[in-house]
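1. coordinates for the following, if possible.
(one chain, ligands or ions: 1)
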Amino acid sequence: MGNELKAWKPERPASKGATAYHEAVFKAEYYITILDELMKIASSKAAAGDVVVDFGAGTGVSALRLLRRLKINIKLWLVDNSAAWLGKAYEVLGSNPEVKCFLLEKRESGYAKLSDTIGKGVADHVISANTVHLIPDIEKTFNGIAESLKDNGTFTFQSGNITRDNKPEGALMVDDTVKRVHDIALGIVRTDSRFAAYRKNINQRIKMSESQRKFVFPDTRSINVYLEALRNAGFEYQEPNFKLFKVEYDDWLKFLRVRRLQAGILPEIGGNEPSAKEESDRDDLITSATKILFKELQKINPLADEKGFTLEITYVSAKKHSKFDYYKESLGLKGKNALVTGASRGIGKAIAIELAKNGINVIINYNRNEKDAMEVVNEIKNTKCIAIKADVSNFDEVKSMFDSVKKEFGKLDILVNNAGIIMDKTLQNMSKEEWNDVIKVNLNGIYNVTNNALPLLSKGGRIINISSIVALDGNFGQTNYAASKAGIIGFTKSLAKELGKHGITVNAIAPGFIDTEILKSVPLTKKKEFIGLIPLGYLGKPQDVANLAVFLASDRAGYITGDVICVNGGLRF
Ligand code: NAP
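-> Have a look, this model is predicted:
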């Protein structure tokens with residue numbers, strides 16, 4: 001069980017501004033409809049006695065709507081970063097003994113996390129309406145929400161300012177309309193003599209007010225940013241629900257005439273402390289600009305008509321991963337990016353899945369077997385995972401794979417050189433092709449991949465090369481394979497020396513006999529012979545190698561480099 005922290009109480013009565021905002025928002029019909037949709041989802045999850053946290057509770061409008069819908073008693077905790085707004089929420093809800101307020105403290109960078117404000121493992125559900133898009137550091141925020149939730153706790157949020165691919169033509173975000181109103185209003189300032197007084201230094205003022213406007217209406221972000229942050233914080237989420245709402249022009253105008261919002265829409269006129277004249281001019285400008293926008297929408301927007309336009313609102317439901325293991329967090333792997341070559345089956349697949357279980361985004365490289373690679377991608381649900389086809393022995397294919405990695409992931413933290421083949425023959429019977437093909441994939445491949453990966457590899461990165469026991473002991477009929485795998489060991493040790501100064505470790509794993517397809521060509525009698533030599537008495541599993549690979553990838557293995565570590569059931573020591 002978690003420990004709940006101390007609740008907050010306001011020191012003074014609610015301000016006039018907060019009261020005006022509360023009432024205005026309550027009157028905007030579209031706003032309440034959108035909110036009620038969130039409350040429908042939230043109330044379906046809550047059970048009697050649950051602690052429900054309203055994150056970004058503002059003046060308490062969303063909390064009032066939730067209480068109205070629920071037929072059960074819950075404990076409702078309201079959290080906000082504004083004492084003025086929370087003061088109003090306290091005024092309207094504070095007399096309810098089941099309601100508590102918590103103020104997010106200002107910290108050097110942003111605000112305190114939710115878990116620092118209400119405690120860890122204390123909440124059953126967190127809901128958040130129209131807030132997440134205002135937060136710059138969404139990763140830290142979602143992490144704080146995950147920490148504050150009990151295991152299997154839920155997080156449901158909603159926003160009208162999220163971009164995505166394939167948004168229906170004409171469906172708007174709140175930001176689309178507000179930005180347009182801002183630009184039209186500035187056009188009016190420039191052309192209408194009634195507002196000539198504001199033309200002086202207007203360009204300079206636009207520049208100076210930019211940060212204030214962005215604070216109230218920040219740049220929009222893609223849904224993928226939110227989903228990635230959820231994954232990294234240990235949430236499982238359902239597919240987001242994108243819902244369209246018809247908004248009547250009058251209703252929207254009412255909303256845009258809320259004074260507190262107008263300071264964010266058109267900060268160039270009066271800023272935070274406008275005179276009465278500036279406040280009234282700003283209201284005039286925004287009202288006129290909004291009417292112009294409405295006419296414009298009717299003409300060009302396929303989802304607008306004479307009554308109103310269409311907003312798209314995104315609803316996301318997530319659950320704190322029941323298997324999310326905070327011990328795993330101490331491995332320091334969460335949110336990192338890894339590429340595993342030859343990850344469509346066998347050892348590479350096990351490594352990729354184990355990395356993902358530890359919160360790592362993975363790129364599955366394969367050469368021929370797309371179906372198998374896609375099965376691995378489908379199996380990995382909690383982190384971002386894509387498959388990329390590239391023959392590691394082909395430099396150009398590898399190069400273009402890393403171009404895609406750069407585009408999709410930006411950087412790489414972990415590289416696992418696993419792809420490998422065998423073509424067993426005694427040397428006397430081995431063709432030039434059989435020699436060359438094994439060297440090309442197993443040894444040239446490692447050059448091609450690592451050389452292209454290095455520019456993307458972050459400080460403190462990890463390179464793990466899969467060698468073999470055969471590199472150390474040799475094996476009958478495997479001169480080509482043994483040479484390639486021994487080459488990998490020399491490569492590993494040399495590269496460890498080159499990259500130590502960047503905090504990048506380079507290690508090799510030398511598996512013994514591991515039960516994968518690669519052993520299919522080995523006759524059963526030979527396999528039995530091998531097993532007889534293994535002190536532990538059985539073939540290894542891909543998972544045995546994956547466990548070591550994850551450890552070597554972690555922060556805990558930071559002082560191990562240039563080494564060759566065996567996983568062989570005691571076959572060699
Ligand atoms: P496996 O089941 O045969 O899997 C090999 C993987 O490598 C497949 O995903 C395959 O993908 C990929 N691959 C092969 N050629 C490739 C190429 N040119 N470019 C990109 N990917 C390629 O083998 P495994 O047993 O898991 O072996 C994995 C690694 O461990 C190998 O380096 C192997 O030498 C080493 N190892 C294995 C054992 C053992 O007993 N199993 C022991 C010691 C070392 P596609 O099918 O899509 O081509």
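2. helix or strand right after the helix or strand harbouring Ser128?
-> Taking DSSP states H and E as the definition, one finds Ser128 inside strand 123-129. Note on strand 123-129: by DSSP H and E, the next helix or strand toward the C-terminus is helix 138-148.
3. report the buried residues of that next one.
-> Neighbour-count burial for helix 138-148, counted by 16 or more other Cβ atoms under 10 Å, picks out 138, 140-148. The way it works is simple: take the backbone N, C-alpha and C, and place the C-beta from them, glycine included.
4. now stretch 421-434
-> Buried residues in stretch 421-434 (16+ other Cβ under 10 Å): 421-424, 430, 434.
5. over to stretch 107-117?
-> 111, 113-117.
6. quick check: the farthest pair among these?
-> Greatest spatial distance in the buried residues of stretch 107-117: Tyr111 and Ser115, 12.2 Å, computed using Cβ to Cβ.
7. ok, now how distant is Lys207 from Glu268?
-> When Cβ to Cβ, to the nearest Å is the yardstick, Lys207 and Glu268 sit 10 Å from each other.
8. those two: who's more crowded?
-> Shown here are Lys207 and Glu268; by other Cβ atoms under 10 Å, Glu268 has more neighbours (25 against 11).
9. now the more buried one: which helix or strand?
-> Counting by DSSP H and E, Glu268 is part of no helix or strand.
10. OK, contacts around Asp168?
-> Quick fix: residue 168 is Pro, not Asp. Contacts of Pro168 were listed using Cβ atoms under 8 Å, 6 or more residues apart in numbering, and they are 244, 303, 312.
11. nearest spatial neighbour of the first one, skipping sequence neighbours?
-> Distances taken as Cβ to Cβ, 6 or more residues apart in numbering put Thr310 closest to Leu244, at 5.2 Å, once the chain neighbours are dropped.
12. what secondary structure does that neighbour sit in?
-> strand (DSSP: H, G, I helix; E, B strand; the rest coil).
13. for it, give its distance to Ala171.
-> With Cβ to Cβ as the criterion, Thr310 and Ala171 are 5 Å apart.
14. overlap of the contact sets of the two?
-> 244, 303.
15. got the contact list for the closest residue to the ligand within the stretch 401-550 of the chain?
-> Scanning the stretch 401-550 of the chain for proximity to the ligand using Cβ to the nearest ligand atom identifies Gly420 as nearest, at 2.2 Å. Neighbouring residues of Gly420 by Cβ under 8 Å, 6+ apart: 342, 441-442, 445, 466, 484-485, 518.
16. cutoff 7 Å now
-> 342, 441-442, 466 (Cβ atoms under 7 Å, 6 or more residues apart in numbering).
17. of these, which are in range of the ligand?
-> 342, 441, 466 (Cβ under 6 Å from any ligand atom).
18. how about those residues in JSON lines, adding secondary structure, neighbour count and distance to Glu29?
-> Shown next, in JSON lines, are those (DSSP: H, G, I helix; E, B strand; the rest coil; neighbours: other Cβ atoms under 10 Å; distance: Cβ to Cβ, whole Å):
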{"residue": "Gly342", "secondary structure": "coil", "neighbour count": "27", "distance to Glu29": "58"}
{"residue": "Val441", "secondary structure": "helix", "neighbour count": "24", "distance to Glu29": "65"}
{"residue": "Ile466", "secondary structure": "strand", "neighbour count": "26", "distance to Glu29": "62"}
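19. one step back: what is the nearest of the contacts of Pro168 to the ligand?
-> Of the contacts of Pro168, the one sitting nearest to the ligand (Cβ to the nearest ligand atom) turns out to be Glu312, at 39.8 Å.
20. surely the closest one meets Ala171?
-> Yes - the pair Glu312 / Ala171 is scored as a contact, 4.1 Å apart, by Cβ atoms under 7 Å.
21. pull up the overlap in contacts between these two.
-> Joint contacts of Glu312 and Ala171 (Cβ under 7 Å, 6+ apart) are Leu244.
22. how about Ser159: which residues does it bridge to?
-> Thr314 (DSSP bridges).
23. OK, contacts around it?
-> 130, 132-133, 314.
24. of all these, which two lie farthest apart?
-> So, the contacts of Ser159 by Cβ to Cβ: farthest apart are Asn130 and Thr314, at 11.0 Å.
25. what is in contact with those two at once?
-> Joint contacts of Asn130 and Thr314 (Cβ under 7 Å, 6+ apart) are 158-159.
26. so which bits of the stretch 251-400 of the chain are right by the ligand?
-> 341-348, 365-369, 391-393.
27. now with 8 Å?
-> Residues of the stretch 251-400 of the chain lying near the ligand by Cβ under 8 Å from any ligand atom: 341-350, 365-370, 372-373, 389-394.
28. list only buried entries from the residues you listed.
-> 341-350, 365-367, 372-373, 390-394.
29. filter those residues down to the ones in strands?
-> 365-366 (DSSP state E).
30. am I right that Lys406 sits in a helix?
-> Yes - according to three-state DSSP, Lys406 belongs to a helix.
31. give the contact list for the closest residue to it other than its chain neighbours.
-> Using Cβ to Cβ, 6+ apart and skipping residues adjacent in sequence, the residue nearest Lys406 is Leu456, 5.9 Å away. Shown in contact with Leu456 (Cβ under 7 Å, 6+ apart): 402, 405-406, 411-412.
32. looking at the protein, which helix is longest?
-> With secondary structure taken from DSSP state H, the chain has its longest helix at helix 276-300.
33. so which elements touch that helix?
-> Applying 3 or more Cβ pairs under 7 Å, 6 or more residues apart in numbering; DSSP states H and E, one finds that helix 276-300 contacts helix 174-191, helix 249-256, helix 259-265.
34. before we move on, back to that, may I see the buried residues of stretch 107-117 organised as TSV, with pLDDT and secondary structure added?
-> Listed next are the buried residues of stretch 107-117 as TSV, based on pLDDT from 0 to 100; DSSP: H, G, I helix; E, B strand; the rest coil:
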residue	pLDDT	secondary structure
Tyr111	93	strand
Lys113	94	coil
Leu114	96	helix
Ser115	95	helix
Asp116	94	helix
Thr117	96	helix
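35. any idea which residue of this structure is furthest from its center?
-> Distance from the centre of the chain peaks at Gln428, with 54.6 Å (Cα atoms, centre = their mean).
36. using the three-state scheme, assign it.
-> helix.
37. next, name the residue at the spatial heart of the chain.
-> Glu228 (1.7 Å).
38. which element is that one on?
-> Per DSSP H and E: helix 223-232 holds Glu228.
39. for that helix, packing partners?
-> Judged by 3+ Cβ pairs under 7 Å, 6+ apart, helix 223-232 is in contact with helix 138-148, strand 308-320.
40. so what touches the shortest one?
-> Applying Cβ under 7 Å, 6+ apart, the contact partners of helix 138-148 are 55, 113-116, 118-120, 122-123, 126, 132, 135, 155, 225-226, 229-230, 232-235, 320.
41. filter those down to the buried ones, PyMOL style.
-> A single PyMOL command selects the buried members of the contacts of helix 138-148 (16+ other Cβ under 10 Å):
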select buried, resi 55+113+114+115+116+118+119+120+122+123+126+132+135+155+226+229+230+232+233+234+235+320
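42. so what pLDDT did the nearest residue to Glu98 once chain neighbours are set aside get?
-> Leaving aside its sequence neighbours, Glu98 sits nearest to Lys75 (Cβ to Cβ, 6+ apart; 5.0 Å). Model confidence at Lys75, given as pLDDT, is 96.
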